[in-house]
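# Pasting the sequence and the predicted coordinates here, then a few questions.
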Amino acid sequence: YAYVNRKGLMMYRFAFDLPPSTNKMYMHTRHGIKLSDEARAYKEYTAIMARNQRESDEPLDGLLSVTYRFYGSRADVDNLLKVLQDSMNKVIWKDDSQIIELHAYMYRGETDDKRVEIEVKVL
């Protein structure tokens, strides 16, 4: 959902199932490296979910600050970020190069609701 924060900046919040680790994102084939079926399915899932959680189909433009909160994962945070940021290209933002500020938090405690929550601030 979208809202305006106290400083007048536009904010967007999203929630998704946890992504596969970067270690599971690519497959080696005799023709080189390609995206795994699991990663491809996750990218399709996040695109559908992001569009359902946003009023606009247009990707955000301009510089962005992004906060990730991972719940219930034991994976390395950098392995999760790569998959998510690539998945959001052309869906939430035009390209992840727009992100100039990044915050990531891991809540490793056991939970039945394993997920990632993403907050995007347009700067």
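Thanks, I have the structure now.

# which helix of the chain spans the most residues?
Using DSSP state H to define each element, the chain has its longest helix at helix 37-52.

# how far is that helix from where the chain is centred?
10 Å (C-alpha atoms, centre = their mean, to the nearest Å).

# Show residues contacting the helix or strand hosting Leu80.
Per DSSP states H and E: Leu80 is located in helix 77-88. The contact list for helix 77-88 (C-beta atoms under 8 Å, 6 or more residues apart in numbering) reads 16, 18-23, 25, 39, 42-43, 46-47, 50, 68, 70, 73, 96, 99, 102, 104, 106, 116, 118. Placement of C-beta: from N, CA and C, glycine included.

# give me the element the closest residue to Ala15 other than its chain neighbours is part of.
Leaving aside its chain neighbours, Ala15 sits nearest to Glu117 (5.0 Å; criterion: C-beta to C-beta, 6 or more residues apart in numbering). Here Glu117 sits within strand 115-122, counting by DSSP H and E.

# Give me the residue at the spatial middle of this protein.
Leu84 (3.4 Å; C-alpha atoms, centre = their mean).

# separation between it and Asp112?
21 Å (C-beta to C-beta, to the nearest Å).

# try Met49
Separation of Met49 from Asp112 (C-beta to C-beta): 19 Å.

# Quick one: neighbours of Trp93, just the number.
For Trp93, the neighbour count with other C-beta atoms under 10 Å is 22.

# Burial check on the residue nearest to it when sequence neighbours are not counted, number of neighbours?
Closest residue to Trp93 apart from its sequence neighbours, by C-beta to C-beta, 6+ apart: Leu60 at 4.7 Å. By the criterion of other C-beta under 10 Å, Leu60 has 19 neighbours.
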